[in-house]
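A.B. asks: fold the stuff below for me.
(one chain, ligands or ions: 1)
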Amino acid sequence: MRASQQDFENALNQVKLLKKDPGNEVKLRLYALYKQATDGPCNMPKPGMLDFVNKAKWDAWNALGSLPKETARQNYVDLVSSLSSSSEAPSQGKRGADEKARESKDILVTSEDGITKITFNRPTKKNAITSQMYRDIILALKNASTDNTVMAVFTGTGDYYCSGNDLTNFTSATGGIEEAASNGAVLLRDFVNSFIDFPKPLVAVVNGPAVGISVTLLGLFDGVFASDRATFHTPFSQLGQSPEACSSYTFPKMMGSAKAAEMLLFGKKLTAREAWAQGLVTEVFPESTFETEVWTRLKTYAKLPPNVMRISKELIRKHEKQKLYTVNAEKCAAALERMPREEYAKALRNFLFRKAKAKL
Ligand SMILES: CCCC/C=C/CC(=O)SCCNC(=O)CCNC(=O)[C@H](O)C(C)(C)COP(=O)(O)OP(=O)(O)OC[C@H]1O[C@@H](n2cnc3c(N)ncnc32)[C@H](O)[C@@H]1OP(=O)(O)O
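C.D. replies: Predicted coordinates:
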């Protein structure tokens, strides 16, 4: 029996409710079948080589050749039906366990000695931040702002503190680069606002190199303790991006415009001592004693009267909160504008294919 228009519309709704991400290949197949079922054979000009998301979508659609619309509709309905049944298959218990693991795998949150410790825990990828990790951090900060801990501390597992935004975050988007840019901009705005709004002392224990957004965010922290092995790198121009997390405001205020430009425009990587000299880092510790010294210090700070620290932080931040929201919103609008650009795609492509190139 042929799938009716109603079956097709039901499948379109069902796909939005899938519990599990079906993966890029399936998403591309769904996209191609949808286009074939609604528009017929591929009639779009082939996107440029650098526009790899749209190129992948075009390839998938074009590969369907002259498949009739009705067959494409049927195949779409069948595919969604198989996905829905496989995503419903596990028992409630199993699904609950998966969700819990997903929440906590790459961002660890623990509470001890009055401190909420939030750890970037993706060492095989140098702790690069995925979209899910941004969401986990927003939630962790929200919880920590009202629980009974006194401060929140960020650190990283392994040799890196964090290598910044996961550069593959938006390469798998099937809705198009504009949609990915728009979702990314909203996520970025909410993520940075959760740092602007955090009401308790916020400290970074920078155990190793820090890149991109993990550096720019530091301008919103109350304390930055760094190992002498740490470095601070914001290669935005190289990536075809503009600086985020209010750093276009906090960095010049902190280090003066010339030094801020050296980092944010020219992408100069600072050593921990250089970052300390610019006021970005509170104190640098030798790697050999870093963990012991810093955590001893933080546990002492966590014994200070919490309400007084909250009130003092409120006084420090209150007059510039509005400014920070505005700068953050401006940056997110700029990100929306920059992401679909050629320079960004080129930088991304260079990163993604650098290992293949090195082997040539
Ligand atoms: C929605 C919010 C948007 C917010 C925007 C924020 C802007 C930024 O944060 S810009 C900064 C983005 N980060 C980078 O440009 C760093 C990219 N990574 C590197 O340059 C290098 O990987 C490194 C210098 C961090 C480490 O180099 P090293 O040679 O020691 O190790 P690798 O073999 O390169 O890395 C190991 C492993 O980790 C993966 N990886 C590292 N960083 C990232 C990243 N940022 N995004 C995605 N993946 C990353 C790397 O690909 C390797 O993975 P494989 O072993 O699977 O190849």
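A.B. asks: CA atoms for contacts and neighbours, from now on please.
C.D. replies: Noted.
A.B. asks: ok, now which ones touch the closest residue to the ligand within the stretch 1-150 of the chain?
C.D. replies: Nearest to the ligand, among the residues of the stretch 1-150 of the chain, is residue 125, at 3.1 Å (Cα to the nearest ligand atom). Each residue near residue 125 by Cα atoms under 8 Å, 6 or more residues apart in numbering is listed here: residue 163.
A.B. asks: pretty sure residue 203 belongs to a strand, no?
C.D. replies: Yes. Looking at residue 203 with DSSP: H, G, I helix; E, B strand; the rest coil, it is inside a strand.
A.B. asks: could you shift the numbering so residue one becomes 81, and keep it that way?
C.D. replies: Sure, I'll start counting at 81 from here, so that last one is residue 283.
A.B. asks: residues from the chain in reach of the ligand?
C.D. replies: Proximity of the chain to the ligand (Cα under 6 Å from any ligand atom) is limited to residues 204-206, 208, 243-248, 264, 267-268, 291-293.
A.B. asks: how about 8 Å then?
C.D. replies: Residues of the chain lying near the ligand by Cα under 8 Å from any ligand atom: 203-209, 211, 214, 240, 242-249, 263-268, 289, 291-294, 314-316, 319, 321, 323-324, 431-432, 435.
A.B. asks: mind checking which of these are in helices?
C.D. replies: 211, 214, 263-268, 293-294, 316, 319, 431-432, 435 (DSSP state H).
A.B. asks: just to revisit the earlier point, any quick PyMOL command for the buried ones out of the residues of the chain next to the ligand?
C.D. replies: Command for PyMOL that selects the buried part of the residues of the chain next to the ligand, burial taken from 16 or more other Cα atoms under 10 Å:
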select buried, resi 203+206+207+208+209+211+214+240+242+243+244+245+246+247+248+264+265+267+268+289+291+292+293+294+314+315+316+319+321+323+324
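A.B. asks: before we move on, the earlier item: give me the pLDDT for the residue of the stretch 81-230 of the chain closest to the ligand.
C.D. replies: Looking at residue 205, its pLDDT reads 97.
A.B. asks: with the one 5 residues further on instead?
C.D. replies: Looking at residue 210, its pLDDT is 95.
A.B. asks: how much space between the residue of the stretch 81-230 of the chain closest to the ligand and residue 248?
C.D. replies: Plainly put, residue 205 is 11 Å away from residue 248 if you go by Cα to Cα, to the nearest Å.
A.B. asks: next: residue 133.
C.D. replies: 11 Å.
A.B. asks: follow-up on the earlier one: spatially, which two of the ones in helices among the residues of the chain next to the ligand are the most separated?
C.D. replies: 266 and 435 (31.5 Å; Cα to Cα).
A.B. asks: in space, what's closest to residue 414 - neighbours in sequence excluded?
C.D. replies: Nearest residue to residue 414 in three dimensions, chain neighbours excluded: residue 322, at 7.4 Å (Cα to Cα, 6 or more residues apart in numbering).
A.B. asks: can you pull the contacts of the one you found?
C.D. replies: Shown in contact with residue 322 (Cα under 8 Å, 6+ apart): 316, 411, 414-415, 418.
A.B. asks: okay if I get those as JSON lines plus distance to residue 398, pLDDT and secondary structure?
C.D. replies: Compiled in JSON lines, the contacts of residue 322 are given as follows (distance: Cα to Cα, whole Å; pLDDT from 0 to 100; DSSP: H, G, I helix; E, B strand; the rest coil):
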{"residue": "316", "distance to residue 398": "29", "pLDDT": "93", "secondary structure": "helix"}
{"residue": "411", "distance to residue 398": "21", "pLDDT": "87", "secondary structure": "helix"}
{"residue": "414", "distance to residue 398": "25", "pLDDT": "78", "secondary structure": "helix"}
{"residue": "415", "distance to residue 398": "26", "pLDDT": "73", "secondary structure": "helix"}
{"residue": "418", "distance to residue 398": "31", "pLDDT": "66", "secondary structure": "helix"}
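A.B. asks: and which of those residues is nearest to the ligand?
C.D. replies: Using Cα to the nearest ligand atom, the contacts of residue 322 come closest to the ligand at residue 316, 6.0 Å.
A.B. asks: that closest one touches residue 344, doesn't it?
C.D. replies: Yes. Counting by Cα atoms under 8 Å, residue 316 does reach residue 344; the two are 6.6 Å apart.
A.B. asks: which neighbours do those two have in common?
C.D. replies: When contacts are counted by Cα under 8 Å, 6+ apart, residue 316 and residue 344 have residue 323 as shared neighbours.
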